[in-house]
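Peer 1: no FASTA, just this:
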């Protein structure tokens, strides 16, 4: 589907929050004339740049590094054909680079096999709920349990939602891919996405209209370049999902059925009934199952990224990973790491996110000194099911509506898009009093309206009613919702659905450019973990799956080129990372005793309360300041214990949640206006001068008074007693250095006009 495009015009940089570019190592500058040298940052004012076809928009900025437009693919076959979007380029440079690196690392590996050619024996994934069931004949992705202390791959992908799987399938054409996921392969936000995925496929619709709707929903804080890229390139990748086997709802004529959701001016939502994410996940998992270059490590939790410097430039070289079932550590060494770990819904007491959404990727990237942006913009979905108001709960069933991982059941935006109306418990339709767009207003508006109605009346919930629509139509479009509600005694063709707002999506994340690149060489991010600039201050409905899909594809060319560069110019650092793996002392896995597990659970509950009171739907400066003081104390406590006790899932997740919670709160305190998902009573108006991204790239000690909260494990007698009364000496297998050089991201971060 890709068609090569060439842009010979001069593209001027319009300003960025980070202006210091990285530089190529001198070894590359001296020893190679081939392209793809990602240590060098090419100016965005360069002329006659060849844009690979994964950059479809003529006005998007190319991301080309080195002296040639040709980029060598990584491939296993001795005579593999050039990549479709990299045609004309020999695979020899990357093959020679890998051979050199293999020779360098042979001394540290088994002499019987090359580290880049070893493959685990494939095995089926363990069954778990609610993963989408594979279709008949679908194979399971190659599953593995790492028994060695070091694994070497060409590409390390953390996360197995739409972003991670899409990226893995594309880069698997060029090298071996490790897919690492902390639970089952399908246990992530993608599988729970109900509504659909955007694509301008109707002749009555237009890309410009999609762009405009996205900017309006994002309160014009969006990066317009990112918005245009996603809206223009999205349709072809959505259609590609059908080629992977995703079976979307179709019209009687055979064309795709398009629905409408809040904030959209046209029908452009491709869906699979009301279980779109589950169907996409099923198709992508099945496609990955058929790919011999992809190995999946389920129930493996990434603990920290491996960071080192090569001639003053920071590189990501992989990650240290905990096998949660085997209670063992493995170092995954790879020249390219893709973060696709999702968001941080478990920060809040009521969320539609599954239990795995603990902000791991954002926290790891921040510790690796990557910049994070727009963390204050937390989206609350207006309509999650309020289970206590269902007949099943009234009948005395305490577990009515309870879902694994503390997840609230989502009532998709499409219910309102298809005519669902909102009422208070007194039977009054209230949205006409809040917004002229009524139930189809953007999510932040509807969520605040519902909360205001609940607080004003003293109600525990609102009601969403679609019973005025033909029953057959409702059941055909929303079978998943109808079935779930039926188990709780609700017939949605006759009864209104009790709903409340719930945390749903994090619009901010690791700051990335138009090809998924971060400020750390070799580290890429896409999906909810990233802040690409698409969403601005509030996400437009059904743009999330689209973002992950588009940027996963856009990251392929740049990351393949970087893999070639890294194995040629950072081979020593990759070798050192592999040789230095040492999981003894505080780096060793260590299960928590019941008393310590209870302490962690209590701290998570405390954090949930702080986040809801300080950074909920409606915020106040004093509440945020008080919450941040308490989070500072939690930060010091959890960091001290995590760095000295040993590695456990509970402690790693708590530390990550506290890290992300601090980033959210600090970002919210910086914004002196209300915009999108950030509404502050102290600054209720939108201020044009404040229409710029909030970027954090400084250490936490510069934002918090950690001296006041400073402590050590030894001064926490109650905690150390709960953790078994002893700790080990702090230590870390991670190698890092100072002097970070920031990369110039391909995106516009300032000068946004409202």
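Peer 2: Cool, the structure landed. Computed from a predicted structure; not experimentally measured.
Peer 1: mind checking how far residue 649 is from residue 600?
Peer 2: Applying CB to CB, to the nearest Å, the value for residue 649 to residue 600 is 10 Å. Glycine gets a C-beta too; all of them are placed from N, C-alpha and C.
Peer 1: Check residue 311 too.
Peer 2: According to CB to CB, residue 311 and residue 600 sit 41 Å apart.
Peer 1: which parts of stretch 687-699 are buried?
Peer 2: Within stretch 687-699, the residues scored as buried using 16 or more other CB atoms under 10 Å are 690-691, 693-697.
Peer 1: where along the stretch 401-550 of the chain do the strands fall?
Peer 2: Counting by DSSP state E, counting those that start in this stretch, the stretch 401-550 of the chain has strands at residues 421-423, 462-465, 497-506, 509-511, 523-525, 530-531.
Peer 1: rewinding a little: next step: the buried residues of stretch 687-699 restricted to strands.
Peer 2: Members of the buried residues of stretch 687-699 lying in strands (criterion: DSSP state E): 695-696.
Peer 1: and the least confident of the buried residues of stretch 687-699?
Peer 2: Looking at the buried residues of stretch 687-699 by pLDDT, the weakest one is residue 697, with 88.
Peer 1: isn't that residue right up against residue 365?
Peer 2: No. In this structure, residue 697 is not within contact of residue 365 by CB atoms under 8 Å, at 10.8 Å.
Peer 1: Now the common contact residues for these two.
Peer 2: residue 372 (CB atoms under 8 Å, 6 or more residues apart in numbering).
Peer 1: which stretches of the stretch 651-754 of the chain aren't confidently modelled?
Peer 2: 707-744, 746-754 (pLDDT under 70).
Peer 1: Helices along that one, start to end?
Peer 2: All helices of the stretch 651-754 of the chain, identified by DSSP state H, counting those that start in this stretch, fall at 706-709, 717-722.
Peer 1: Please apply the same query to the stretch 501-650 of the chain.
Peer 2: Assigned by DSSP H, counting those that start in this stretch, the helices in the stretch 501-650 of the chain fall at 544-569, 571-579, 594-614, 621-645, 649-670.
Peer 1: With respect to residue 460, which of those helices lies nearest?
Peer 2: With CB to CB as the criterion, residue 460 lies closest to helix 594-614 of the helices of the stretch 501-650 of the chain, at 15.4 Å.
Peer 1: now for that closest one, which elements pack on it?
Peer 2: Under the contact criterion of 3 or more CB pairs under 8 Å, 6 or more residues apart in numbering; DSSP states H and E, helix 594-614 touches helix 621-645, helix 649-670, helix 717-722.
Peer 1: any chance of these in TSV, plus mean neighbour count?
Peer 2: Below are those laid out as TSV (neighbours: other CB atoms under 10 Å):
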stretch	mean neighbour count
helix 621-645	20
helix 649-670	24
helix 717-722	15
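Peer 1: could these go into TSV alongside distance to residue 453?
Peer 2: Shown next, in TSV, are the helices and strands packed on helix 594-614 (distance: least, CB to CB, whole Å):
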stretch	distance to residue 453
helix 621-645	21
helix 649-670	24
helix 717-722	42
